[in-house]
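In: okay, here's the prediction I keep looking at, along with the sequence it came from:
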Amino acid sequence: MAKSIMQDQKECYITHSTLELQEHHVMNGPFRKKSEKYGLKVYLRYDVHKDTNYSVHQNVDMADLLKMIAQITFEKKYGHEKWMSEFKKNLLNGDECIGELRARLRDRCEELWQSKES
């Protein structure tokens, strides 16, 4: 099992909670094994991972933001050509940065979480 290249701490990548953590392979479906191989995985709190409108398995926006962060992280280590060879799709426009994407991810999660309370 490869170590994550996306995070060092065992905490929810989005909320920073250390409760009810589950490992999430960012590149899912046919790319899950490559996600494991290259360490494209993060810890997520259970509700952020599955079964809620703000979870990465139920909300495409949340999943896509994580995939964009995965691409940036991967490319810093292996380069763009390797990304395209392995994952076949460029998810970036060219001006994204990890800090900005993580902030958008947290904001989107909070927005969706608050909408469930209404």
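Out: Received, thanks. The shown structure was predicted, so the numbers you read here are calculated from the model rather than taken from an experiment. Numbering: from 1, shown residues only.
In: what does stretch 30-46 rub up against?
Out: 1-7, 10-15, 17, 19-28, 55-56, 66, 70, 73-74, 78, 86-87 (Cβ atoms under 8 Å, 6 or more residues apart in numbering). For the C-beta atoms, the positions are set from N, CA and C on the backbone; glycine is no exception.
In: go with 7 Å
Out: Defining contact as Cβ atoms under 7 Å, 6 or more residues apart in numbering, one finds that stretch 30-46 is touched by 1-7, 10-15, 17, 19-27, 56, 70, 74, 86-87.
In: where do the helices sit along this structure?
Out: Along the chain, the stretches classed as helices by DSSP state H are 32-38, 46-49, 60-78, 80-87, 98-117.
In: will you turn the ones you listed into JSON lines that also has mean neighbour count?
Out: Shown next, in JSON lines, are the helices of the chain (neighbours: other Cβ atoms under 10 Å):
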{"stretch": "helix 32-38", "mean neighbour count": "16"}
{"stretch": "helix 46-49", "mean neighbour count": "21"}
{"stretch": "helix 60-78", "mean neighbour count": "19"}
{"stretch": "helix 80-87", "mean neighbour count": "14"}
{"stretch": "helix 98-117", "mean neighbour count": "14"}
